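>>> Here's a sequence, model it:
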Amino acid sequence: MVNVLDNNAELNLSHSKILIVDDQPINIQLIYNILSSDYSILAATNGDQAIEVCQNDPPDLVLLDVVMPNMSGIETCVILKQRLSTAEIPIIFITSCDEQDEENDCWESGGVDFISKPINPITLKNRVKAHLSLKYQRDILNSLVYKDDLTTIFNRRYFDEHIVKVEKSANREKVDAAVILIDIDHFKQFNKIYGHIRGDITLKEVADSIQDALMRPSDFVAYMGCALFAVVLPNTTPQGAIEVAIRIRRAVFACKIAHPDSKYKFITVSLGVSTVFLAQDKMVPLLEDAEQYLQQAKEVGRNICKYPKLG
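Have a look, this model is predicted:
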C-alpha cells in the first residue's frame with residue numbers, strides 16, 4: 001500500500017499549491033524561481049494576507065518567513081493552527097536565525113519543518129516535495145476513513161469528529177457558526193416505487209446538489225445515513241446560514257427528480273437550521289438544535305426551511 005501511495009503522490013504533486021509568505025518581494029521571487037516549474041505558487045507579503053489566502057484559497061503547503069513586521073511568522077502560524085479551516089495546512093518556516101529559542105518557537109507554534117537562509121534550492125525542493133507527499137498520503141488515508149462510499153462526500157464519523165471542533169472554535173474565537181440538517185422528503189416511498197438502485201443514484205444526485213450549493217472551502221456536507229445530510233458552516237451568521245439553506249432547497253428541486261408520491265411531483269428536501277451566534281447566552285449543541293427545526297419543517301408540510309427567529 002505504501003508503494004502505491006508513493007507512486008500516486010509522484011503523479012499528483014504537480015497540482016499542489018504553495019503559498020509563499022515574506023515581506024520582502026525579492027525573497028518571494030527567489031523561491032518562486034525555484035518552485036514554479038513544479039507547483040502553482042501563491043504569495044502574500046504579511047501575516048494578515050496569508051491568513052486571508054489560506055481561508056479563501058487553501059494551499060497545500062505554506063512557506064512562512066519568521067521575521068515580518070506587525071505580525072511575525074510565529075504569530076501567523078499560531079492563528080492558522082487555531083482555525084479549523086486552516087489547521088491542517090503544513091507550514092515550513094524560512095528563517096535566517098539559528099538561535100535555539102526561535103527554532104523551538106517554530107516547532108511549538110505548529111510548524112512541520114524549517115529551512116535556513118540563505119536558501120539552498122536542492123534542500124528547498126526536497127523538503128517541499130517530502131511534506132507534500134506526506135500531506136497527499138494523509139489525504140488519501142483520510143478519504144478512506146472519512147468519505148462515504150455511496151455519495152463520495154464526508155460520512156457521519158467525519159461530522160461527529162469535526163462538529164465538536166467547530167463548536168469549540170466558535171466559542172474560542174467568538175464567531176458565528178451553523179449546521180443545516182437536510183432530509184429527503186418521502187424517500188422510503190421513493191425506494192419502494194423505483195427500487196434501491198435508483199434510490200442510491202438519487203442520493204448521489206442530492207449530495208452533489210448540496211455540495212455545489214456550498215461556496216466556501218471551509219463549508220462541508222456529510223451523509224448521516226437514511227437520506228439525511230448535514231451541512232456545517234463555520235464562521236457563518238444566522239442570516240448567511242438561512243440563505244445557504246434556501247439555496248440548497250432550490251438546488252435539489254431544480255434537479256427535477258421525478259417522485260410520483262410527492263405532492264410536488266419531484267424530489268424535495270426539508271431543512272432545519274441551527275446557529276451559534278454571539279448574542280446567545282448559552283450554546284445549544286448545533287446538531288440537537290437543528291434536529292428540532294428539521295422536525296418542525298416536516299410537521300408543517302416539508303419542502304421548507306425552518307430556523308430560529310432573527311433579531
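
>>> Asp183 and Leu294 touch, don't they?
Yes: here Asp183 reaches Leu294: they are 6.0 Å apart, a contact under CB atoms under 8 Å. Where you see a C-beta, it was placed from the backbone N, CA and C, and this is true even at glycine.

>>> any residues in contact with both of these two?
Residues touching both Asp183 and Leu294 by CB atoms under 8 Å, 6 or more residues apart in numbering: Ser270, Leu271.

>>> all helices of the chain, in order?
Counting by DSSP state H, the segments of the chain that form helices are 2-12, 25-35, 47-56, 73-82, 100-109, 121-146, 156-173, 187-194, 196-213, 238-254, 286-299.

>>> Tell me which of these lies nearest to Lys265.
Among the helices of the chain, helix 238-254 comes nearest to Lys265, with 10.5 Å by CB to CB.

>>> Quick one: list the elements packing against the closest one.
On a contact count with 3 or more CB pairs under 8 Å, 6 or more residues apart in numbering; DSSP states H and E, helix 238-254 meets strand 177-184, helix 196-213, strand 228-234, strand 269-276, strand 305-306.

>>> on that earlier part again, per-stretch mean pLDDT over the helices of the chain, give me the minimum one.
Lowest mean pLDDT of those: helix 2-12, a mean of 50.

>>> among the helices of the chain, which is nearest Phe266?
With CB to CB as the measure, helix 238-254 is the member of those nearest Phe266 (6.2 Å).

>>> List the buried residues for that closest one?
Of all the residues in helix 238-254, those buried under the rule 16 or more other CB atoms under 10 Å are Pro238, Ala241, Ile242, Val244, Ala245, Ile246, Ile248, Arg249, Ala251, Val252, Phe253.

>>> Equivalent analysis for stretch 158-165, please.
Neighbour count says stretch 158-165 has Tyr158, Phe159, His162, Ile163 buried, by 16+ other CB under 10 Å.

>>> Give me the contacts around that stretch.
With contacts defined as CB under 8 Å, 6+ apart, stretch 158-165 is touched by Leu84, Tyr146, Lys147, Val179, Phe220, Ala222, Met224, Ala230, Val232, Leu286, Leu287.

>>> Repeat the analysis, applying 6 Å as the threshold.
With contact meaning CB atoms under 6 Å, 6 or more residues apart in numbering, stretch 158-165 is reached by Leu84, Tyr146, Ala222, Ala230.

>>> same thing with stretch 249-262?
Residues from elsewhere that reach stretch 249-262 (CB under 6 Å, 6+ apart): 186, 189-190, 202, 205-206, 209, 213, 266-269, 271, 305.

>>> Narrow those residues to just the buried residues.
His186, Phe190, Thr202, Val206, Ser209, Ala213, Phe266, Ile267, Thr268, Val269, Leu271, Cys305.

>>> Redo those as CSV? Include distance to Phe114.
Listed next are the buried ones among the contacts of stretch 249-262 as CSV, based on distance: CB to CB, whole Å:
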residue, distance to Phe114
His186, 57
Phe190, 56
Thr202, 50
Val206, 46
Ser209, 44
Ala213, 40
Phe266, 56
Ile267, 52
Thr268, 53
Val269, 48
Leu271, 46
Cys305, 48
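
>>> you'd agree Ile28 is up against Leu19?
No: if you go by CB atoms under 6 Å, Ile28 and Leu19 don't touch, sitting 10.3 Å apart.

>>> Between these two, tell me which one has more neighbours.
Leu19 (23 against 19; other CB atoms under 10 Å).

>>> For the more buried one, which residues count as its bridge partners?
Leu42, Val62 (DSSP bridges).

>>> quick one: contacts for it?
Leu19 is in contact with Leu42, Val53, Pro59, Val62, counting by CB under 6 Å, 6+ apart.
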